[in-house]
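Engineer: Could you look at this predicted model? Sequence included:
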Protein chains: 2
Amino acid sequence: MVMTAEERQYDEMMDRIFHPRHIAVVGVSSQGVGFGSGIVRALINIGFEGSIHCVNFRGGEFLGMKLYRSVTEIHHTIDFAVITTPAETVPAVLEECLQKGIAGVEVLSAGFSELGTPEGVALEEEVRRIARRGVRVVGPNCFGIYCPRSGLTLLPGPDLSRKPGSVAFLSQSGGMAIDLGHLGKWMGVGFSKVVSFGNGADLRETELLDYLARDRETATIAMYTEGVEDGPSFLAALRRATAVKPVILYKGGLSDAGSRAVTSHTASMSGSRAIWESLVRQANAVQVTSLPELVQTCLAFSMIPHREYHGISVVGGGGALGITACDAAERYGLAIPPLDEAISRSILDVLPKPGSSAKNPVDAANPHVPPPILKKALMEAARDPAIDLQILIQLLYHYAYAAGFLGMSVEEATPFEELAEAVGDVVRETGKPVLLVIPNNKQGLDALDVEETRRKTRQAFLEQGVPVFDEMEDALRAVRHVSSYSARKKEVDRE
Amino acid sequence: MVMTAEERQYDEMMDRIFHPRHIAVVGVSSQGVGFGSGIVRALINIGFEGSIHCVNFRGGEFLGMKLYRSVTEIHHTIDFAVITTPAETVPAVLEECLQKGIAGVEVLSAGFSELGTPEGVALEEEVRRIARRGVRVVGPNCFGIYCPRSGLTLLPGPDLSRKPGSVAFLSQSGGMAIDLGHLGKWMGVGFSKVVSFGNGADLRETELLDYLARDRETATIAMYTEGVEDGPSFLAALRRATAVKPVILYKGGLSDAGSRAVTSHTASMSGSRAIWESLVRQANAVQVTSLPELVQTCLAFSMIPHREYHGISVVGGGGALGITACDAAERYGLAIPPLDEAISRSILDVLPKPGSSAKNPVDAANPHVPPPILKKALMEAARDPAIDLQILIQLLYHYAYAAGFLGMSVEEATPFEELAEAVGDVVRETGKPVLLVIPNNKQGLDALDVEETRRKTRQAFLEQGVPVFDEMEDALRAVRHVSSYSARKKEVDRE
């Protein structure tokens, strides 16, 4: 893709915003209360590597740092500023940021158009006017920017991951941004850039979508929106973006009550469900309807090849688990076809008997089947040309019995490292992805050790490049999203 | 309900099966391997209070207990027997049980009709013929009976709860029975009787449904089936049961692949989706499509009044959470109506500002709102006649920040006991149920303390009679099931 000079200049400006070397936080209390000192602490704790300059119009000190009375007093160049002062002071602060040559700011303060008052709306209009003169604004009424590479973080966010990934997230809701940040950390979704843009007075969905479609650090774009500003422009940007990478959309406020709630949340008009859904379908965006579905879909897109998936093999212990998988697969338009007879026989050869079955689903009859046997079953099933992807389901908590019986800890009794390596080998040798599903039916206070082992299992599989889901249905739905996007993209590419 | 003499006699027989004073386990290895010794250990560990007699045709000893060569050698009366010997030996063992006057047995052994071989089918037919002569059979190819009151437990099941409850569960799948047993333990669903009946050679869905409809210990019946034996009889029993208590049905194998998998699991014919679904609707059974949905629905039926619910208030921190709730409510035919203006104003008075909203959803703007304020909001919202039920959503993991800041443990920083008491008071004072929703977006290895506090929170709320769900959508769907059943039952009662 050849870039125009204008695009290059624009991207350099955005780079100062996402990877600032010097930032200012305006509205830091010397007593350490409020959003300003909160975000300074968060930046220090997450290990932001640039310099941090604190501003309070009264002056003073915070954590041994001087409090400047204005950004204009700072000798340094400032790339990015965080504004946390009361709403009515924001326009004046913004004027100073403009004067200082700051590329962009995030306004965490609330009290603008979301109040629904003429004063709030007017104040936001003023912010927009100043922004148009050359200082880009994220917010107001937002949690800001999270960028693992640079160490910019959301409010509160000191414990978000510093490991960069390839998923970008645009969110009108700050809560949704911080929640996805946390979910991604343990589920294995890494982020390139997360932007909570709140009321979106200046920078918002359409422009950011175009930027992220071009961004080399971003391979998948996820988005939570409560209402877009300009439908036709957004649709055009969405088409441009989905032509090069998947865009996963979660739209809040499609119901009547939800639409009413949107107004007091981010002051958006949420629009009708029918219009929205057809818009999304036309543009080949992936539509999800909950935060868990959003993160599961991000996980699948960032860990398995973007292909069409039809035939799936399900391997695990417990007949009903396999039946549940079949029923759920049908709901998502996927097939769990019978395995080739010779392959089925060679799998049945290694499974414990009686009680096992190797037709697909492969029911290993008990939950403690050793890793080499499961590996053999997966390797064999992958030989079947009707199989595009495999799902391994393991009820890990059953190892708690084995542990008791053998006088071991749950972690010692659970061969999760061996199993993760075996499954990693299967994926590398067959080129067909495997997903792990680990429901946890044992979540009592007496089973925290089971949970700990389960979390270690998740990590071990993620390190092998194997995505992990809590429930079969979640895994199948995520596969379906990847498959549908890939099929439609192939059509579009041909057109 | 007046009982016939025949029913009384039948129930006495069933009582010997579910609450046996003396049981025999047939097929106990003196080396302590296999299902027989497993179930003996499980019965001892769970604290079964009757006497246990072990049988092995070779004689010997296990855990210091004599191994009888046959049940007929035992001097005691035996109420119930567990058979774990190889399939081909089961008919002979069963004959001895009949001779001994045992009321019922469970056959854990596999190797019958589920194999799909003529030998397997013939063996099962033989079991059925012996059963008809006067010894009732649960199984074969099952995990048996779990009865918290008597201490009968499933295989493995030594750690299932001994606290009796009012939910009965009939399951063709043993795995599903043990999974639900575990899920119920921490989610707060207590069981009267759980029966995994596997291939169902003798006792199965229709007869057991009639029995449980009459059973005073059972207020809610749940069921996992892969295929009923006799559609019309089952439908009639289902109607009789739903006329007196809710019946929650989870049907496996409704898809083509699932139907195929059913055959090798419990040898049932699973039937078509359309026929099944109309049958279920006609009979006012509650249909669910996954195990998580099954247990969540049991929880709601056992903890909230069986009424129609229309208007719901949602209280919690985070605007997007409320919007998500509205959208999900619409999917389940529930309303989140705007609160009465005076009530809304009095709630807004106590909420932190800016950023909060009290229209419904009530957005408390931050996740650390003190319990007395949340109590006030719930008490006020309950005054609105348009509100039938309330949902409180809390992102408890945000207390981890407060804990860090205050130098406390997460448990110390989270006011879960105070909040549980406050919410319990609201339910008692208003007569309108409250559900708690506690998503956990922070499930890393570094946040096991968050999980521990979350589990304690769940317990504290359950002790106050407040059901707890992981996700908003789960709570709303469960409410919908209770409401729909209650509405339809009212109609049927009128007819």
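Structural biologist: Looks like it arrived, so ask away.
Engineer: domain parsing for chain A?
Structural biologist: A:5-301, A:305-491 (automatic domain parsing).
Engineer: got those as JSON lines, with distance to chain B, mean neighbour count and mean pLDDT columns?
Structural biologist: No exception for glycine: its C-beta is placed from N, CA and C like everyone else's. Shown next, in JSON lines, are those (distance: least, Cβ to the nearest Cβ, whole Å; neighbours: other Cβ atoms under 10 Å in any protein chain shown; pLDDT from 0 to 100):
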{"stretch": "domain A:5-301", "distance to chain B": "3", "mean neighbour count": "21", "mean pLDDT": "93"}
{"stretch": "domain A:305-491", "distance to chain B": "3", "mean neighbour count": "20", "mean pLDDT": "93"}
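Engineer: residue with max distance from the center of chain A?
Structural biologist: No residue in chain A sits farther from the centre than A:P354, which is 43.2 Å out by Cα atoms, centre = their mean.
Engineer: ok, then the element right after the helix or strand hosting A:A328?
Structural biologist: Assessed by DSSP states H and E, A:A328 sits inside helix A:319-331. Next helix or strand after helix A:319-331 toward the C-terminus (DSSP H and E): helix A:341-350.
Engineer: List of residues touching that following helix?
Structural biologist: For helix A:341-350, the surrounding residues in contact (Cβ atoms under 8 Å, 6 or more residues apart in numbering or on different chains) are A:338-339, A:356-360, A:362, A:373, A:376-377, A:380-381, A:383-384.
Engineer: Also stretch A:106-113?
Structural biologist: Applying Cβ under 8 Å, 6+ apart, the contact partners of stretch A:106-113 are A:27, A:35, A:39, A:80-88, A:90, A:94, A:120-121, A:123-124, A:127, A:137-145, A:155, A:198-199, A:201, A:267, B:354-355.
Engineer: gap between the two ends of that stretch?
Structural biologist: Start-to-end span of stretch A:106-113 (Cα to Cα, to the nearest Å) is 16 Å.
Engineer: quick revisit: return the member of the contacts of helix A:341-350 nearest to B:L448.
Structural biologist: Taking Cβ to Cβ as the measure, B:L448 lies nearest A:I373 of the contacts of helix A:341-350, at 31.1 Å.
Engineer: what's near enough to touch the closest one?
Structural biologist: Shown in contact with A:I373 (Cβ under 8 Å, 6+ apart): A:350-351, A:364.
Engineer: one step back: now tell me what touches the helix holding A:A328 from outside.
Structural biologist: Contact with helix A:319-331 is made by A:312, A:314, A:316, A:335-336, A:357, A:361-363, A:391, A:393, A:395, A:472-473, A:476, B:172-173, B:175-176, B:224, B:226, B:252-262, B:264-266, B:289-291, as judged by Cβ under 8 Å, 6+ apart.
Engineer: cutoff 6 Å now
Structural biologist: Residues outside helix A:319-331 that contact it (Cβ atoms under 6 Å, 6 or more residues apart in numbering or on different chains): A:314, A:336, A:361, A:363, A:393, A:472-473, A:476, B:173, B:175-176, B:252-255, B:257-258, B:261-262, B:265.
Engineer: same question, stretch A:56-63
Structural biologist: Stretch A:56-63 has contacts (Cβ under 6 Å, 6+ apart) with A:28, A:30, A:54, A:67, A:69.
Engineer: Reformat those into JSON lines and put secondary structure and distance to A:I304 next to each item.
Structural biologist: Formatted as JSON lines, the contacts of stretch A:56-63 follow (DSSP: H, G, I helix; E, B strand; the rest coil; distance: Cβ to Cβ, whole Å):
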{"residue": "A:V28", "secondary structure": "coil", "distance to A:I304": "44"}
{"residue": "A:S30", "secondary structure": "coil", "distance to A:I304": "51"}
{"residue": "A:C54", "secondary structure": "strand", "distance to A:I304": "44"}
{"residue": "A:L67", "secondary structure": "strand", "distance to A:I304": "49"}
{"residue": "A:R69", "secondary structure": "coil", "distance to A:I304": "53"}
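Engineer: related to what we said a few turns ago, can you tell me which of the contacts of helix A:341-350 end up in strands?
Structural biologist: A:357-358, A:362 (DSSP state E).
Engineer: How about A:Q31: what's its closest non-neighbour residue?
Structural biologist: Distances taken as Cβ to Cβ, 6 or more residues apart in numbering or on different chains place A:S37 nearest to A:Q31, at 7.9 Å, with adjacent residues excluded.
Engineer: Strands of the stretch 51-200 of chain A, start to end?
Structural biologist: A:51-55, A:61-62, A:65-68, A:80-83, A:104-107, A:136-138, A:144-146, A:164-171, A:191-196 (DSSP state E, counting those that start in this stretch).
Engineer: In the sheet, which strands lie alongside the first one, parallel or antiparallel?
Structural biologist: Right, the one you point to is strand A:51-55. strand A:22-26 (parallel), strand A:65-68 (parallel) (DSSP bridges).
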